[in-house]
Each structure stands twice: as C-alpha cells, then as structure tokens.
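[1] Structure, please.
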Amino acid sequence: MAAERQDDTDAATEIECEIDDLIAELGSERAVIRALLHDMTVLLADADRSVSRGYLRGVFSRGARLQTPEDEP
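    Numbers count the residues shown, from 1 in each chain. So this is what the prediction gives:
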C-alpha cells in the first residue's frame, strides 16, 4: 500500500495519499468505505470478546475466554 513515511511530508499529506491509494486499489469511494466499516466491525467484535466483564454472580468473563476445567460448575 503506502510507502515508507517521508521525512518531508506531514501527516495530512500522508493521509490524503493513503486515501488515494485505497481508492485506486479498491476502485471507488464506496468500496473504500465498505472495507473500512468491515475492518472496524471485525476489530470491535474482537475487542468486545477480549474485554473482561469482571466477576459477576460467580462467573468470571464467561464467553470472553476459553473455558477451562476449573470453570465448570
């Protein structure tokens, strides 16, 4: 995708170049938005699974981690 960061470019210019690269790669602005929304959904779902829900009613983080034999009632 984008090349290494150039010392003489600012962050705004790099972002604009990344956008241009994505449009060229995916073909349209809608395709770029679709890909970004998909990535955000995947990342949020992954983060939601990995966040501890704490200790509630004797069950610690049910569903957020693999069950072990000591988790069984």
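
[2] From here on, just use CA atoms for contacts and neighbour counts.
    Noted.

[3] Where does pLDDT dip in the chain?
    1-7, 51-73 (pLDDT under 70).

[4] Run through the strands of it in chain order.
    For the chain, the strands defined by DSSP state E occupy 55-56, 59-60.

[5] Tell me the helices and strands packed up against the longest helix seen in the chain.
    Secondary structure assigned by DSSP state H gives helix 29-50 as the longest helix of the chain. Other helices and strands packing on helix 29-50, by 3 or more Cα pairs under 8 Å, 6 or more residues apart in numbering; DSSP states H and E, are helix 11-26.

[6] tell me what the helix it packs on is packed against?
    If you count contacts as 3+ Cα pairs under 8 Å, 6+ apart, helix 11-26 packs onto helix 29-50.

[7] Hmm, residue 26 is touching residue 32, no?
    Yes: look at residue 26 against residue 32 with Cα atoms under 8 Å: they come within range, at 6.3 Å.

[8] Looking at the two, which has the bigger crowd around it?
    Set residue 26 next to residue 32 and count neighbours by other Cα atoms under 10 Å: residue 32 wins out with 18 against 14.

[9] Name all residues that make contact with that one.
    22, 23, 26 (Cα atoms under 8 Å, 6 or more residues apart in numbering).

[10] possible to save the residues you listed as TSV with distance to residue 13?
    Putting the contacts of residue 32 into TSV (distance: Cα to Cα, whole Å) gives the following:
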residue	distance to residue 13
22	14
23	15
26	20
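
[11] The longest helix of the chain versus helix 11-26: what angle between them?
    100 degrees (axes from the mean of the first three to the mean of the last three Cα atoms, to 10 degrees).

[12] List the buried residues of helix 29-50.
    By 16 or more other Cα atoms under 10 Å, the buried positions in helix 29-50 come out as residue 32.

[13] same question, stretch 14-28
    By 16+ other Cα under 10 Å, the buried positions in stretch 14-28 come out as 14, 22, 23.

[14] Output the residues you listed as JSON lines; include the columns distance to residue 37.
    Shown next, in JSON lines, are the buried residues of stretch 14-28 (distance: Cα to Cα, whole Å):
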{"residue": "14", "distance to residue 37": "21"}
{"residue": "22", "distance to residue 37": "14"}
{"residue": "23", "distance to residue 37": "15"}
